[in-house]
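# Generate a structure from the sequence data that follows.
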Amino acid sequence: MVVAGLLWGAFSSRAIAAQPEPPATSAQPPSAESLEAWRKSMVATPRPTTGCFTASYPDTQWREVPCTTPPERPYLPKSGARSQNVGNGTDYSAEVTGSISAAEGSFDSVTGVTSESDDGVANEYSLQLNTQFFTTMTCNSAADPSKCLGWEQFVFANLPPRAGFAFIQYWLLGYATTCPSGWIPSGKVDCYINSTQSASVPAQTIATPGQLTVTGTAASGGAEDSIVLSVGGTLYTAMGNNHFPDLGQNWQFAEFNVFGDGNRTQAAFNSGSTIVVRTSVNSGTTSAPSCVADGFTGETNNLTLVSTPAVVSGSALPSIVFTESNAGTPTPKSCTPVSNGGGNLTLVAAVLPTSRSVEVGATATAFATMINAGPDNASSCSIAPATGIPASFLYQTTNPATNALTGTVNTPANIAAGQAQSFVIALTPSAAFAPTSVAFTFTCANAPSPAATITGVNTLELSASANPVPDIVALAASGDPGYVDIPGATGAGDFAVATVNLGSGASITAAANTGTANLPVTLTLCETNQSGACLAAPSTTVTTAIPPNATPTFGIFVTGSGTVADSPGANRIFVTFTGPDGVLRGETSVAVRTQ
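Below is the predicted model:
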């Protein structure tokens with residue numbers, strides 16, 4: 001990180017009365033490395049009490065100074081559509097898999113910047129180090145606690161020519177009832193409050209951002225949350241009020257940048273400005289954080305993200321580093337877009353095939369797809385069995401076009417709003433068990449609930465045997481993908497099923513049914529040739545020998561005797577394949593409806 005050196009003024013020493021005055025000499029300024037080591041040491045030094053403090057290089061203790069009152073203005077959460085410029089949801093944040101105890105924001109370099117203004121006021125801006133929106137016990141008195149989220153901002157507000165203010169602003173988003181005492185209503189459902197105290201900081205010019213570092217720390221061990229603003233070799237700190245005592249357990253994303261000073265205003269830089277931003281996090285590990293293409297504040301600047309962030313590991317404060325600029329015609333870049341932490345998203349999922357039958361110790365695989373219906377992005381999406389069976393489990397992302405593995409085993413993925421992510425899932429039984437409908441938990445870190453379980457859609461009918469058994473992998477195909485349509489209440493529809501036997505050869509009986517639903521349909525089926533013609537007249541069951549690796553196909557015919565509602569989760573047609581012992585060895589299904 002680039003930290004400007006502290007310039008020490010020349011000093012002179014005078015001789016005693018009758019002696020001549022020696023020439024003036026100059027002290028050497030501290031190196032950038034020494035200054036940064038001192039800054040980190042002081043940030044980690046506990047404050048002696050609540051209040052406001054300052055320290056200047058090379059102090060080793062904090063000096064208490066009078067606090068001031070934070071400015072009375074909201075630093076609003078993002079809202080509405082994103083823009084190309086930084087802010088209001090367009091930003092890069094650092095994400096950790098555990099929780100963040102402290103984070104820092106700084107600028108590796110600031111080039112080409114000669115002016116900045118906010119609503120015409122020169123040098124007015126804010127530096128914001130923001131958490132994501134997170135669940136918190138402080139929402140317990142909200143109208144609906146499940147829809148309320150906390151949000152904490154560590155803010156430096158630069159308000160020339162008066163002064164600067166380093167303080168904390170707290171938000172209850174979706175509180176939707178009378179705000180707690182002292183909190184200020186914002187809009188119809190939100191509340192906010194400033195920390196009681198703010199550190200008083202000399203007003204800064206736009207020439208100084210390269211010397212500024214904002215550090216935000218969650219409450220821990222009886223100490224309140226706090227903010228530290230570093231200005232070269234001088235530090236200013238104020239303690240917060242710990243309105244979110246569980247922040248330290250729920251803080252997973254950190255956003256830092258320069259923005260307009262509250263009320264969704266914009267920090268407008270002169271043309272040709274380029275800033276390199278560093279967001280560092282302390283989560284108790286030296287592993288690099290993930291890049292998150294999202295932000296949380298409603299304020300903006302007039303720069304554009306122009307680089308894919310570098311992720312930096314191996315230090316006490318791993319970080320992401322990225323560039324934003326309005327020089328020339330910037331080309332926006334991106335890292336994997338994920339959640340804004342707001343939890344406003346819906347997940348759906350599917351599994352294919354929906355049945356496997358394997359020998360103990362053999363691995364049964366299937367493909368799963370998770371879809372994020374939005375409107376928010378989804379972060380850290382994972383899969384786990386929800387049904388207890390004696391089998392190990394793993395999952396891994398795949399390329400949906402090729403089914404090739406991507407990513408690493410058992411590593412969550414981020415899914416943008418309106419997008420899907422494909423996975424392979426693998427279960428290896430350690431003991432024999434009868435056919436069992438295995439449900440899965442398809443969820444994301446910020447999802448309000450997992451994807452709904454739909455039998456035959458995102459479940460896997462799985463069995464394990466001590467000896468080799470047939471394993472009929474079956475896939476259905478229809479003219480309307482996923483559906484068999486019946487034209488009119490008494491019309492007829494059909495679909496095809498392709499199979500492959502990945503297990504041992506056996507005599508297999510195919511049949512069709514409507515599961516637990518009582519539907520006004522009649523079902524028949526036949527085995528078909530390569531042209532799709534029936535090898536025999538359709539009937540309610542078909543028994544045929546299926547050797548290992550054989551690929552027989554079947555036609556299923558559906559005749560209506562009443563209207564079938566369009567309810568794909570409930571109204572389905574299942575095609576089953578059972579062995580001579582009556583044990584299910586394969587299954588697939590489609591939804592059915594009257595058109």
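# so who does Ser79 touch?
Taking Cβ atoms under 8 Å, 6 or more residues apart in numbering as the criterion, Ser79 is in contact with Asn88, Arg264, Gly298. Backbone N, C-alpha and C define where each C-beta goes, glycine included.
# Return the member of those residues nearest to Gly579.
Asn88 (59.7 Å; Cβ to Cβ).
# show me where pLDDT drops low in the stretch 351-500 of the chain?
Low-confidence segments of the stretch 351-500 of the chain (pLDDT under 70): none present.
# neighbours of the closest residue in space to Ala434 that isn't next to it in sequence, just the number please.
Of all residues not flanking Ala434 in the chain, Ser463 sits nearest, at 5.9 Å (Cβ to Cβ, 6 or more residues apart in numbering). Each residue near Ser463 was counted by other Cβ atoms under 10 Å, and the total is 21.
# circling back to that earlier point, who wins for neighbours among the contacts of Ser79?
Most surrounded of the contacts of Ser79: other Cβ under 10 Å gives Asn88, at 23 neighbours.
# okay but that one is in contact with Arg82, surely?
Yes. Using Cβ atoms under 8 Å, Asn88 is in contact with Arg82, at 6.2 Å.
# which residue is nearest the middle of the protein?
In the chain, the centroid-proximal residue (Cα atoms, centre = their mean) is Ser379; its distance is 2.5 Å.
# That one: which element?
According to DSSP states H and E, Ser379 maps onto strand 378-385.
# Next SSE downstream of that strand?
The helix or strand immediately downstream of strand 378-385 is strand 391-398, counting by DSSP H and E.
# any idea of the angle that next one forms with strand 378-385?
Relative orientation of strand 391-398 versus strand 378-385 (axes from the mean of the first three to the mean of the last three Cα atoms, to 10 degrees): 150 degrees.
# and strand 391-398, how far out from the chain's middle?
The chain centroid and the centroid of strand 391-398 are separated by 20 Å under Cα atoms, centre = their mean, to the nearest Å.
# which outside residues touch that strand?
Residues contacting strand 391-398 (Cβ under 8 Å, 6+ apart): 367-368, 382-385, 404-411, 413, 421-430, 462, 464.
# Can you tell me the closest non-neighbouring residue to Ala327?
Counting by Cβ to Cβ, 6+ apart, the residue nearest Ala327 is Gly272, at 4.8 Å.
# and that neighbour, how many neighbours?
Around Gly272 there are 13 residues (other Cβ under 10 Å).
# if I look at Tyr395, how far off is Glu104?
34 Å (Cβ to Cβ, to the nearest Å).
# can you check Ser79 too?
27 Å.
# Ok, Ser115 next?
Separation of Ser115 from Glu104 (Cβ to Cβ): 27 Å.
# Looking at these two, which is more packed in?
Glu104 (26 against 13).
# so the more buried one, which of the three states?
Put simply, Glu104 is strand when judged by DSSP: H, G, I helix; E, B strand; the rest coil.
# Likewise for Lys40?
Assignment for Lys40 (three-state DSSP): helix.
# Tell me who's in contact with it.
Ala316.
# repeat that for 10 Å
Glu104, Thr213, Thr215, Ser230, Ala316, Leu317 (Cβ atoms under 10 Å, 6 or more residues apart in numbering).
# and if you look at Ala447?
339, 343-347, 370, 372, 376, 378-381, 415.
# now do Val321
Counted by Cβ under 10 Å, 6+ apart, Val321 has contacts 1, 92, 94, 106, 108, 276-280, 307, 309-312.
# Surely it forms part of a helix?
No. Going by three-state DSSP, the assignment for Val321 is strand, not a helix.
# what is it paired to in the beta sheet?
Counting by DSSP bridges, Val321 forms beta bridges with Arg278, Ala310.
# separation between it and Pro375?
30 Å.
# Using PDB, write out every CA atom in stretch 152-165.
Provided in PDB are the C-alpha atoms of stretch 152-165 (Å, rounded to 0.1, in the frame of the first residue of the first chain):
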ATOM      1  CA  GLU A 152     -23.000  -0.600   9.500                       C
ATOM      2  CA  GLN A 153     -21.000   2.100   7.800                       C
ATOM      3  CA  PHE A 154     -17.600   3.400   9.000                       C
ATOM      4  CA  VAL A 155     -17.600   7.000   7.500                       C
ATOM      5  CA  PHE A 156     -15.200   9.800   7.000                       C
ATOM      6  CA  ALA A 157     -17.200  12.900   5.900                       C
ATOM      7  CA  ASN A 158     -15.000  15.700   4.500                       C
ATOM      8  CA  LEU A 159     -17.000  19.000   4.800                       C
ATOM      9  CA  PRO A 160     -14.700  21.900   3.900                       C
ATOM     10  CA  PRO A 161     -14.000  24.500   5.000                       C
ATOM     11  CA  ARG A 162     -15.400  23.400   8.500                       C
ATOM     12  CA  ALA A 163     -13.900  20.100   9.300                       C
ATOM     13  CA  GLY A 164     -13.900  16.400   8.700                       C
ATOM     14  CA  PHE A 165     -15.800  13.800  10.800                       C
END
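# how far out from the middle of the chain is it?
The answer for stretch 152-165 is 29 Å, by Cα atoms, centre = their mean.
# in that stretch, what counts as buried?
Of all the residues in stretch 152-165, those buried under the rule 16 or more other Cβ atoms under 10 Å are Glu152, Gln153, Phe154, Val155, Phe156, Ala157, Asn158, Leu159, Pro160, Ala163, Gly164, Phe165.
# thought the residue nearest to the centre of the chain was touching Pro412?
Yes. In this structure, Ser379 is within contact of Pro412 by Cβ atoms under 10 Å, at 7.9 Å.
# What about Asp119, how many residues nearby?
11.
# ok, it - contacts?
So Asp119 contacts Gly260, Asp261, Asn263, Thr265, Gln266, Ala268 (Cβ under 10 Å, 6+ apart).
# which of these lies closest to Ser507?
Closest to Ser507 out of the contacts of Asp119 is Gln266 (73.4 Å), distances taken as Cβ to Cβ.
# circling back to that earlier point, from the contacts of Lys40, list the buried ones, please.
Glu104, Thr213, Thr215, Ser230, Leu317.
# Adding pLDDT and secondary structure, write these out as JSON lines.
Shown next, in JSON lines, are those (pLDDT from 0 to 100; DSSP: H, G, I helix; E, B strand; the rest coil):
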{"residue": "Glu104", "pLDDT": "97", "secondary structure": "strand"}
{"residue": "Thr213", "pLDDT": "96", "secondary structure": "strand"}
{"residue": "Thr215", "pLDDT": "98", "secondary structure": "strand"}
{"residue": "Ser230", "pLDDT": "96", "secondary structure": "strand"}
{"residue": "Leu317", "pLDDT": "85", "secondary structure": "coil"}
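# so what's Thr215 up against?
Thr215 is in contact with 39-40, 43-44, 102-106, 129, 154, 166, 226-230, 235, 237, 280, 282, 317, counting by Cβ under 10 Å, 6+ apart.
# the domain parsing of this protein - what is it?
75-325, 343-467, 469-595 (automatic domain parsing).
# Select, out of the ones you listed, the one closest to Thr49.
Across the domains of the chain (criterion: Cβ to Cβ), the nearest stretch is domain 75-325, sitting at 8.4 Å.
# and the two most separated of the contacts of Asp119?
Checking the contacts of Asp119 with Cβ to Cβ, the most distant pair is Asn263 and Ala268, at 14.8 Å.
# quick one: which of these two has more around it?
Comparing Asn263 with Ala268 by other Cβ under 10 Å, the one with more neighbours is Ala268, at 20 against 13.
# re earlier: ok, so of the contacts of Ser79, who is nearest Gly582?
Of the contacts of Ser79, the one sitting nearest to Gly582 (Cβ to Cβ) turns out to be Asn88, at 61.2 Å.
# distance of that closest one from Gln132?
Taking Cβ to Cβ as the measure, Asn88 falls 15 Å from Gln132.
# How about Gln252?
For Gln252, the distance to Gln132 - Cβ to Cβ - is 6 Å.
# cool, Thr274 as well?
Thr274 is 27 Å from Gln132, by Cβ to Cβ.
# higher neighbour count, the two?
The neighbour comparison of Thr274 against Gln132 (other Cβ under 10 Å) goes to Gln132, with 28 against 19.
# about what we covered before: out of the contacts of Lys40, which one sits closest to Ala476?
Leu317 (52.7 Å).
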